[in-house]
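Colleague: After the sequence you'll find the predicted model.
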Amino acid sequence: MIGYSEVLQTMAAMILFSMILLNANHMIHRNSMMQVQSELEQEVIALGQEVIDEARTKSFDQVTVDAAAPPSLIPGGFTAPGSLGPGGAETTRRSFNDFDDYNNWSDTFTTEHGDFEVSVDVHYVDPVNYQKIMNATTFKKIVVVVSSKFLRTGGDIPREYRLEFIRNYYAD
């Protein structure tokens, strides 16, 4: 009987050690997944911010691209809300020359972390509450949505990350 108690103690110690080892492996796996997700989210923010920063370097509106003086009608002389987006010769991102040319633009960026879908919406916003409106104002908002097949919500749907920037004509 004495020999059996030592065997039982050894088995109990092995079971206890196995449970601790399983929990440690689970924590290591979870931390690794969180690290990968953080790296992907950092890439999402960098791509979205790149598009916003690029758009900020452009003129506020088509009428202000090469203008020696401000438009005579502000904001009435700005591009109509339904016409926001690239003009005739502005077919690629490199040819965009004003802020709202990015409206309805989308592309896939390939990085070392995979492919990221980027889409952009530009619209006029109310100067009081910054909500979308259907008439020209001196405020435009750019909304950049970035997603990746590797960043998902609880299911199979890719998580969308929204980055927004509000631009004021007078703050340029």
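Modeller: Received the coordinates, thanks. The structure presented is a predicted model; accordingly, all values stated were derived computationally and were not measured.
Colleague: For the protein, just list every one of the strands.
Modeller: 106-111, 114-124, 139-152, 158-168 (DSSP state E).
Colleague: elements contacting the second one?
Modeller: Helices and strands in packing contact with strand 114-124 are listed as helix 2-56, strand 106-111, strand 139-152; criterion 3 or more C-beta pairs under 8 Å, 6 or more residues apart in numbering; DSSP states H and E. No exception for glycine: its C-beta is placed from N, CA and C like everyone else's.
Colleague: What strands line up against the last one, and which way round?
Modeller: If I follow you right, that is strand 139-152. The sheet places strand 139-152 alongside strand 114-124 (antiparallel), strand 158-168 (antiparallel), with pairing taken from DSSP bridges.
Colleague: centre of the chain versus that strand, how much separation?
Modeller: Distance of strand 139-152 from the chain centroid (C-alpha atoms, centre = their mean, to the nearest Å) equals 4 Å.
Colleague: related to what we said a few turns ago, can you redo the strands of the chain as a markdown table with distance to Val36 and mean neighbour count?
Modeller: Output for the strands of the chain, formatted as a markdown table (distance: least, C-beta to C-beta, whole Å; neighbours: other C-beta atoms under 10 Å):
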| stretch | distance to Val36 | mean neighbour count |
| --- | --- | --- |
| strand 106-111 | 14 | 12 |
| strand 114-124 | 11 | 19 |
| strand 139-152 | 8 | 19 |
| strand 158-168 | 14 | 16 |
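Colleague: Which one, of the ones you listed, ends up nearest to Pro81?
Modeller: Proximity to Pro81 (C-beta to C-beta) singles out strand 114-124 among the strands of the chain, at 5.5 Å.
Colleague: Report the angle between that closest one and strand 106-111.
Modeller: Going by axes from the mean of the first three to the mean of the last three C-alpha atoms, to 10 degrees, strand 114-124 is angled at 140 degrees with respect to strand 106-111.
Colleague: Dump strand 114-124 to CSV, keeping only the CA atoms.
Modeller: Extracted in CSV, the C-alpha atoms of strand 114-124 (Å, rounded to 0.1, in the frame of the first residue of the first chain):
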residue,chain,number,x,y,z
GLY,A,114,-1.1,40.7,-47.1
ASP,A,115,-3.7,42.5,-49.1
PHE,A,116,-5.7,45.4,-47.8
GLU,A,117,-8.9,46.7,-49.4
VAL,A,118,-9.1,50.5,-49.2
SER,A,119,-12.1,52.6,-50.2
VAL,A,120,-12.8,56.3,-49.8
ASP,A,121,-15.8,58.5,-49.5
VAL,A,122,-15.6,62.3,-49.6
HIS,A,123,-18.6,64.5,-48.9
TYR,A,124,-19.6,67.9,-47.6
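Colleague: That'll do, ta.
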